[in-house]
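In: Show me how the following folds:
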Amino acid sequence: LISASVIEGVHIKSYGTAVMVALVLALLNSFVKPILVLLTLPATLFSFGLFLLVINMLIIKWAGLLVRGFEVQTWWSAFWFSVLLSLVSTILQSLVKPAKPRE
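Out: Prediction:
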């Protein structure tokens, strides 16, 4: 919801839609993304990993097609949504990750 409110061109209808988007993105990232990464490995290596952004954008656009009430209007909107989602996920993971025991 935060990403949709910050990025122009991304619209989420309700909290329930946001939960559905999260579930669909989780499923697509778990099952479809590894296949896409494997199939596009040469492009990913050639672009030094930047092609992964294209894969993320594609997955977000697919989620927009699958979930009613979630709309991603442009590829740039999908790009910025992907970047912001990655940043928020990284920050949340660093806060939740258990501390390493000291020796």
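
In: okay, and for the chain, where does confidence drop off?
Out: 97, 99, 103 (pLDDT under 70).

In: Centroid-nearest residue for it?
Out: S82 (4.6 Å; Cα atoms, centre = their mean).

In: Against L58, how distant is that one?
Out: Separation of S82 from L58 (Cβ to Cβ, to the nearest Å) stands at 10 Å. Heads up, the C-betas are built off the backbone N, CA and C, glycines and all.

In: The longest helix along the chain packs against which elements?
Out: Of all segments of type helix in the chain, defined using DSSP state H, the longest is helix 75-96. Where contact means 3 or more Cβ pairs under 8 Å, 6 or more residues apart in numbering; DSSP states H and E, helix 75-96 is packed against helix 2-6, strand 10-12, helix 51-66.

In: now what about that helix, what contacts it?
Out: Helix 75-96 is contacted from outside by 2-4, 6-10, 53, 56-58, 60-61, 64, 72, using Cβ atoms under 8 Å, 6 or more residues apart in numbering.

In: Keeping just the C-alphas, turn it into CSV.
Out: C-alpha atoms of helix 75-96 as CSV (Å, rounded to 0.1, in the frame of the first residue of the first chain):
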residue,chain,number,x,y,z
TRP,A,75,6.6,-0.2,-17.3
TRP,A,76,8.3,2.7,-15.4
SER,A,77,5.7,2.3,-12.7
ALA,A,78,6.6,-1.4,-12.5
PHE,A,79,10.3,-0.5,-12.4
TRP,A,80,9.9,2.0,-9.5
PHE,A,81,7.5,-0.4,-7.6
SER,A,82,10.1,-3.1,-7.9
VAL,A,83,12.9,-0.9,-6.7
LEU,A,84,10.8,0.4,-3.7
LEU,A,85,9.6,-3.1,-2.9
SER,A,86,13.1,-4.4,-2.8
LEU,A,87,14.3,-1.6,-0.6
VAL,A,88,11.4,-2.0,1.9
SER,A,89,12.0,-5.8,1.9
THR,A,90,15.7,-5.4,2.6
ILE,A,91,15.0,-3.0,5.4
LEU,A,92,12.4,-5.2,7.0
GLN,A,93,14.6,-8.3,6.7
SER,A,94,17.5,-6.5,8.4
LEU,A,95,15.1,-5.6,11.3
VAL,A,96,13.7,-9.1,11.7
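
In: All set, thanks.
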